[in-house]
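Novice: I would like the atomic coordinates for the input below:
(chains A, B, C, D, E and F)
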4 protein chains.
Amino acid sequence: MKNNKPKYKLIIDAAVDVIAENGYHASQVSKIAKKAGVADGTIYLYFKNKEDILVSVFEEKMGQFIEQIVTATNERENASEKLLTLIEMHFSQLAANHHLAIVTQLELRQSNLSLRQQINRILKPYLVVIDEIVKEGVEEKLFRSDIKIPLIRQMIFGTLDETVTNWVMNEEKYDLIGLAPYVHELITKGVSVK
Amino acid sequence: MKNNKPKYKLIIDAAVDVIAENGYHASQVSKIAKKAGVADGTIYLYFKNKEDILVSVFEEKMGQFIEQIVTATNERENASEKLLTLIEMHFSQLAANHHLAIVTQLELRQSNLSLRQQINRILKPYLVVIDEIVKEGVEEKLFRSDIKIPLIRQMIFGTLDETVTNWVMNEEKYDLIGLAPYVHELITKGVSVK
Amino acid sequence: MKNNKPKYKLIIDAAVDVIAENGYHASQVSKIAKKAGVADGTIYLYFKNKEDILVSVFEEKMGQFIEQIVTATNERENASEKLLTLIEMHFSQLAANHHLAIVTQLELRQSNLSLRQQINRILKPYLVVIDEIVKEGVEEKLFRSDIKIPLIRQMIFGTLDETVTNWVMNEEKYDLIGLAPYVHELITKGVSVK
Amino acid sequence: MKNNKPKYKLIIDAAVDVIAENGYHASQVSKIAKKAGVADGTIYLYFKNKEDILVSVFEEKMGQFIEQIVTATNERENASEKLLTLIEMHFSQLAANHHLAIVTQLELRQSNLSLRQQINRILKPYLVVIDEIVKEGVEEKLFRSDIKIPLIRQMIFGTLDETVTNWVMNEEKYDLIGLAPYVHELITKGVSVK
DNA sequence: TATGAATGAGCCTTCATTCAT
DNA sequence: AATGAATGAAGGCTCATTCAT
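Specialist: This next block holds a predicted model:
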């Protein structure tokens, strides 16, 4: 297991910091190596190339991110509560980690097609989690069944993602977590007066 | 008026094509010049630098994009119909222009902070259009007034943007425009069974 | 006679100003054209290329410079007085024209071999003037005849040139013209106590 | 000590040759790298930028140049003999190194203000050496005390510099070192018949 | 395993000069 | 004579990756 090797984690964490501090394009491999306290060449003992570092960053961090959400939502009774918990966890985890928020919402998007496709592959399990909550809601007759699930998932993910991005670009000046119930209300009830 | 100069348009259009075909990072100025049929140096008679080309591409194309939407929504009677028209126009304009869709949804996001901020400035009028439709809906007692408008706007824009991005990344294999009524339904009524 | 054409003089004078203000390497042809109030292309109706502008600048200005000195020295009776007058005129003309001093002492020296050779050709008449004064001094038994004239001329010109360059590089903070009698004394008597 | 690194010296020496052969403006970094037998990028491990190469060339070579002169003059008994030795060493060192002579007398002068100021800083110790010899001469009552030392130094340096430049521009056709006693005589006794 | 010096391909931008009007 | 838009060659510098130690 490569993440048992201490330098592997060292490099991943250094990469998050360097990218958050310098931006994607100013994050040279040598800068990451320096931050991690290893030689440039050592990076290539653990990662195939620069892109592999970035993919691994996302893989590691998103893995933990999703795991937390899965664990928390599993403790909830119904789909609506699970959705609220997912929103709360999505917001709170990014609010708790300034650097990670910058990297996921801004910097990692400045990548080429190949990298974006790998990021999407990594993101897949999160989308599956959303899908499953929606399916559960439909079965429980809480959520509508007349609109295809992918579309519903796009609304949910798009809303969360846009909300976090706006918050990051506004320099995180307001309380992101406090928005969770309102976002949940919007997603469940829509914009219409009931 | 700089866009009366024929070479200006020539270069803008060439840039859209080149970026869509090669991706942002593989779009050398010389490639754009060649496609436009002008000398490399000519680019710099019309644009300050490479970043200025990209900002101008977005400015021109997004200007037209928003104008079309404003014109079309103004012909509608109430906020709900205006929202549907906005969604239809958003989808149809990007569906009609393959290259533009790739550039706006994928390539232009691979940019540094300075460029992203300029892109956000250009995007601002579109967000204002959404805000105004929401305000109108609230006045007409069609839309809820218990949730802040920026949050509602983020849900709307986030949903549309995520939907288009998914469509582009799925290689535009399904009918985007056909999704408009479902997306409209989702935004207005939410995910709950009424 | 090309210098009867008004634009010719306009361009020459613009060139002196532009070079003095911006330095040799930042003096683009377009900048000179703008300062002269003509189009870029017009420059090439009067000058073969950029180097030709610079040579012409030196030719014009140095022509006047030498003419003034010849006229003034001719009014003197003997070689020693002529030498003093030459030193005074050399210093006073450059002290009177800030821009010209910068151009001749600093900027024009940043040129390639071909240009330097042409500058030397233009400078030749000045060196001849010095040679003639020295010859006259030798004939009048005022100046020594045991050292070759070119060597004496190099001492005279080198001393004057180095003195002016130091004055320019010290931002012309002291009185250059006031140094003339001391320099004259040094050249005639040398560094030895009587 | 950076000049212990073999590539540092390799690049410095290659730069002297390339500049002497091609002139300052035709001396591309890639040409210097090729001559030194290193990759272009290697240059930038040892020098900040192209200008830094030139400054370093002058620093290294002028350092040795001055050191030689200081050592030699220190072996002399009085100021007049020291001055003669300084002139002999100044001439002989440049006569012995064709490329270095071209670089110091012609090419290095084609530089911008920033570079010239750095060159002057490097040249300073040499001017101090001259000043000290003059001061010693004044104390020994060999040299006059009625003219300010900077002016005397300008005469000495200006004469030597002009003499070497003329020799280089005349393609080094005559014996420079042989001129030393005459130049010494001129500087000490001046142009007047005693 | 680890190092870090060395590599070299790659690109944006400038500006002297031309030429159709 | 005059214009000025257009040209396109040229080069300093960066940085991901390699490899001898």
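Novice: can you give me the strands for chain A?
Specialist: Here chain A has no strands by DSSP state E.
Novice: in it, which segments are predicted with low confidence?
Specialist: Along chain A, segments meeting pLDDT under 70 span A:1-4, A:110-111, A:194.
Novice: Tally up the residues packed near the closest residue to chain C within chain A, please.
Specialist: Among all residues of chain A, A:A26 sits closest to chain C, at 29.0 Å; criterion: C-beta to the nearest C-beta. Where C-beta positions appear, they are placed from N, C-alpha and C, glycine not excepted. Burial measure for A:A26: 11 neighbouring residues, criterion other C-beta atoms under 10 Å in any protein chain shown.
Novice: Next, give phi and psi for it.
Specialist: Torsion angles at A:A26 (phi, psi; degrees, to the nearest 10) stand at phi -100, psi 10.
Novice: contacting residues around it?
Specialist: With contact set as C-beta atoms under 8 Å, 6 or more residues apart in numbering or on different chains, A:A26 has no partners.
Novice: Give me the distance between it and DNA strand E.
Specialist: When C-beta to the nearest atom of the strand, to the nearest Å is the yardstick, A:A26 and DNA strand E sit 15 Å from each other.
Novice: In contact with A:I53, which residues are there?
Specialist: By C-beta under 8 Å, 6+ apart, A:I53 lies in contact with A:11-12, A:15, A:29, A:32, A:43, A:47.
Novice: mind checking how far it is from DNA strand F?
Specialist: To DNA strand F, A:I53 is 8 Å away according to C-beta to the nearest atom of the strand.
Novice: Tabulate the contacts of A:I53 (TSV), appending neighbour count and distance to chain C.
Specialist: As requested, these are exported to TSV (neighbours: other C-beta atoms under 10 Å in any protein chain shown; distance: C-beta to the nearest C-beta, whole Å):
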residue	neighbour count	distance to chain C
A:I11	25	45
A:I12	21	47
A:A15	26	42
A:V29	18	35
A:I32	27	38
A:I43	22	41
A:F47	22	44
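Novice: What is the most widely separated pair among the residues you listed?
Specialist: Every pair in these was compared (C-beta to C-beta); the two farthest apart turn out to be A:I12 and A:V29, at 13.5 Å.
Novice: What residue spans form the domains of chain A?
Specialist: Chain A breaks down by automatic domain parsing into domains covering A:1-47, A:50-189.
Novice: Give the full set of residues in contact with A:W167.
Specialist: Shown in contact with A:W167 (C-beta under 8 Å, 6+ apart): A:174, A:176.
Novice: quick one: it from B:L127, how far?
Specialist: Using C-beta to C-beta, to the nearest Å, we find A:W167 at a distance of 15 Å from B:L127.
Novice: Any figure for the gap between A:V16 and A:I87?
Specialist: When A:V16 is compared with A:I87 (using C-beta to C-beta), they lie 24 Å apart.
Novice: So the residue nearest to A:L84 when sequence neighbours are not counted versus chain D, what's the distance?
Specialist: When the adjacent residues along the chain are set aside, A:L84 lies closest to A:H184, with 4.6 Å between them (C-beta to C-beta, 6 or more residues apart in numbering or on different chains). According to C-beta to the nearest C-beta, to the nearest Å, A:H184 and chain D sit 55 Å apart.
Novice: and whichever helix in chain A runs longest, how far from the chain's centre?
Specialist: Counting residues, the longest helix found in chain A (DSSP state H) is helix A:113-139. Remark: helix A:113-139 is offset 11 Å from the chain centroid, using C-alpha atoms, centre = their mean, to the nearest Å.
Novice: buried residues in it?
Specialist: For helix A:113-139, the buried set under the neighbour-count rule, 16 or more other C-beta atoms under 10 Å in any protein chain shown, comprises A:113, A:115-116, A:118-119, A:122-123, A:126-127, A:129-130, A:132-134, A:136-138.
Novice: do the same with stretch A:168-181
Specialist: Of the residues in stretch A:168-181, those buried under the neighbour-count criterion (16+ other C-beta under 10 Å) are A:168, A:176-177, A:179-180.
Novice: what sits against the residue positioned nearest the centre of chain A?
Specialist: The centre of chain A sits closest to A:M62, judged by C-alpha atoms, centre = their mean, with a distance of 5.4 Å. Listed by C-beta under 8 Å, 6+ apart, the contact partners of A:M62 are A:104, A:122-123, A:126.
Novice: Out of those residues, which is nearest to chain B?
Specialist: Nearest member of the contacts of A:M62 to chain B, counting by C-beta to the nearest C-beta, is A:L123, at 11.0 Å.
Novice: what's near enough to touch the closest one?
Specialist: With contacts defined as C-beta under 8 Å, 6+ apart, the neighbours of A:L123 are A:M62.
Novice: cool, and the one 4 residues further on?
Specialist: A:L127 makes contact with A:153, A:157 under the criterion C-beta under 8 Å, 6+ apart.
Novice: Could you rerun that using 10 Å?
Specialist: By C-beta atoms under 10 Å, 6 or more residues apart in numbering or on different chains, the residues touching A:L127 are A:66, A:120, A:150, A:153-154, A:156-157, B:166.
Novice: and of these, the nearest to chain D?
Specialist: Looking across the contacts of A:L127 and measuring by C-beta to the nearest C-beta, the closest to chain D is A:N120, at 35.5 Å.
Novice: my guess is that closest one meets B:L106, correct?
Specialist: No - between A:N120 and B:L106 no contact is recorded; they are 11.2 Å apart, counting by C-beta atoms under 10 Å.
Novice: Which neighbours do those two have in common?
Specialist: Among the neighbours of A:N120, those also in contact with B:L106 (C-beta under 10 Å, 6+ apart) are B:165, B:169.
Novice: Now chain A against chain D: closest residue?
Specialist: Closest approach between chain A and chain D, counting by C-beta to the nearest C-beta: A:S30, at 12.2 Å.
Novice: Pull the number of nearby residues for the nearest residue to that residue once chain neighbours are set aside.
Specialist: Counting by C-beta to C-beta, 6+ apart, the nearest residue to A:S30 once its immediate chain neighbours are dropped is A:D40, at 5.3 Å. For A:D40, the neighbour count with other C-beta under 10 Å is 13.
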